[in-house]
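**Student:** Build me a structure from this.
(one chain, ligands or ions: 1)
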Amino acid sequence: MTELWLPLLPFGLFFAWLFLFGMRRGQKCPDCGDVLPSIQSPFKKTSRQWFEGGYLCPKCGCEADLAARKVPEGAGPSVTSILHGIALLALVTIPALILLTLLFRQ
Ligand SMILES: [Zn+2]
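**Tutor:** Numbering: from 1, shown residues only. Reported below is the predicted structural model:
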């Protein structure tokens, strides 16, 4: 029985840690002071939030970064966050291409 759940234990611990501490709960809106939601609909995210993360206050519509500082309306993602995104994508693309090459090699 222990053989079944033992390989899943690290994943369970990671997701428990993520749920308890990694979701940055309790951040307050810089405009109205309301508590910002830790989960947000992907349909309401701005392009800046896709690169850098952040919050959108459901009460007043204020956009805030991960540290709950106000972001000017219409601000785009910074060059640094775009470069980080490209670097992370390259980091996972290279092993994926190697694995696909090994998979389809005859
Ligand atoms: Zn607000």
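**Student:** what's the closest non-adjacent residue to the most centrally placed residue in the chain?
**Tutor:** Centroid check for the chain by C-alpha atoms, centre = their mean gives residue 53 as the closest residue, at 6.0 Å. Distances taken as C-beta to C-beta, 6 or more residues apart in numbering put residue 66 closest to residue 53, at 4.9 Å, once the chain neighbours are dropped. The C-beta positions use only the backbone N, C-alpha and C, and glycine is treated the same way.
**Student:** again with residue 62
**Tutor:** Counting by C-beta to C-beta, 6+ apart, residue 62 lies nearest to residue 31, which is 4.1 Å off, once chain neighbours are set aside.
**Student:** quick one on the thing from earlier: next, work out how far apart the residue nearest to the centre of the chain and residue 13 are.
**Tutor:** Distance of residue 53 to residue 13, given as C-beta to C-beta, to the nearest Å: 23 Å.
**Student:** just residue 89 next, same as before
**Tutor:** Counting by C-beta to C-beta, the gap from residue 89 to residue 13 is 27 Å.
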